[in-house]
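Below is the structure, and that's it, no one-letter string:
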């Protein structure tokens, strides 16, 4: 394809201009989707990955488009999205649901990895990466996610009082790029998260630093990381036995607490396993569970200070924040999808949407500065803008209008995103800082089934006047 400058392309498509001026963020998101999630590549991914499913009339890329409308809020449920895309989906709604019910978790996981691989060079070209938590290493934050209970539409669930849980997953975040780089989906919501760890073994690389909470403090897992020349920063689980003859080192104050360390031996059944560094943090603010102290195990070399180890571990909240954004902003927990495979597919499409949004935020960081975007821009308002504008934009600018941007050279495409990012009015997406929590209002037993709001207001006004 002949190299075309971004300015010339924008002039070739005057229909873009109203959206460029009014909602550049939505244009950035759609351009990134066009480049990173090309239908042909998605269909090839499905053919390469699927073990039992096959393509007859309904393409995998069409299912991704359909589910993205639901997860991003443009459509409330699958049926609404289907009606919107009916001209592009040559099968009945019943066939769509049947395809979703049989979607293989392996295909879902590969979709997330593929999106991360496509978006990674874009974020770097944009200059939108965050500072490395630990230069010279690749930090990976691991956390578990249990998909929320769904509506009990399935016949086998009707009448049950317990919540219907369609599945759970392990999620891996790259905090430098703020990307979800891997996921381990599981249909059985009662599966212990530790049982899913072996599925990550093939993704471990030398110089990785795996950061995780105590639920992942498993001796065999940490031993395998060390064997593969990778590292761990994991909160100690009480079931892990340590022995040490050393005294604790000098305590150092950090922004989050007071840190000290010592060397110890991990033992199992009274037998030595390996040596480890133990970092103890006395927190300035207690955890949600009321704990004032945490112990962190690591095999990082001594050149990485105990304070740095504590900083890396305590920064793991970023993955929880990412999952929170997915849940609240992108609707990844779709309570209408009762079948586990369908719910996991919806969750993974939301992970893909999060990666797309990471590119958009990367472009904004590259233009407006990392500190300003991270401190002031709300992911919630970004997602709402995307949901509100996307459907109308795709009517005015159908898919064929975006195809010219698929094969643009990386540097030109990044330049185009930067130009659009300059047009974004950050005050439209400003975070609303939360004030201090208020004490809960005491419950009042009215002794009647209902009250007139107007009379309650009148009575309260009368009391205030007195």
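In hand now; what should we look at? Predicted model, so just to flag it, every value in this text is computed and none were measured. Numbers count the residues shown, from 1 in each chain.

Any idea how far stretch 113-121 is from the middle of the chain?
14 Å (Cα atoms, centre = their mean, to the nearest Å).

got the buried residues for that stretch?
113-116, 118-120 (16 or more other Cβ atoms under 10 Å). All C-beta spots, glycine's among them, are computed from the backbone N, C-alpha and C.

what's the closest of these to residue 99?
Among the buried residues of stretch 113-121, residue 114 lies closest to residue 99 (Cβ to Cβ), at 19.1 Å.

Let me see the contact set for the closest one.
When contacts are counted by Cβ atoms under 8 Å, 6 or more residues apart in numbering, residue 114 touches 41-42, 45.

10 Å instead?
By Cβ atoms under 10 Å, 6 or more residues apart in numbering, the contact list for residue 114 reads 36-37, 41-42, 44-45, 49, 352, 355.

could the buried residues of stretch 113-121 go into CSV alongside distance to residue 462 and pLDDT?
What follows is the buried residues of stretch 113-121, written out as CSV (distance: Cβ to Cβ, whole Å; pLDDT from 0 to 100):
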residue, distance to residue 462, pLDDT
113, 64, 96
114, 65, 97
115, 60, 96
116, 61, 96
118, 64, 96
119, 60, 96
120, 64, 96
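
Include secondary structure when you put those into JSON lines, please.
Shown next, in JSON lines, are the buried residues of stretch 113-121 (DSSP: H, G, I helix; E, B strand; the rest coil):
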{"residue": "113", "secondary structure": "helix"}
{"residue": "114", "secondary structure": "helix"}
{"residue": "115", "secondary structure": "helix"}
{"residue": "116", "secondary structure": "helix"}
{"residue": "118", "secondary structure": "helix"}
{"residue": "119", "secondary structure": "helix"}
{"residue": "120", "secondary structure": "helix"}
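
what's the farthest-apart pair in the contacts of residue 114?
44 and 355 (18.8 Å).

When the two are compared, which one has more neighbours?
More neighbours surround residue 355 than the other of residue 44 and residue 355, with 27 against 14 (other Cβ atoms under 10 Å).

Which stretches in the stretch 151-300 of the chain count as strands?
168-174, 179-186, 208-212, 231-235, 241-243, 252-253, 257-268, 271-283, 293-298 (DSSP state E, counting those that start in this stretch).

Pipe these into CSV and attach mean neighbour count, mean pLDDT and distance to residue 413 per row.
Shown next, in CSV, are those (neighbours: other Cβ atoms under 10 Å; pLDDT from 0 to 100; distance: least, Cβ to Cβ, whole Å):
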stretch, mean neighbour count, mean pLDDT, distance to residue 413
strand 168-174, 24, 92, 21
strand 179-186, 23, 94, 18
strand 208-212, 23, 96, 29
strand 231-235, 25, 96, 35
strand 241-243, 13, 91, 51
strand 252-253, 12, 93, 45
strand 257-268, 18, 93, 44
strand 271-283, 17, 92, 43
strand 293-298, 20, 94, 39
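
Please name whichever of those strands is nearest to residue 345.
Once the strands of the stretch 151-300 of the chain are compared by Cβ to Cβ, strand 179-186 is nearest, at 8.5 Å.
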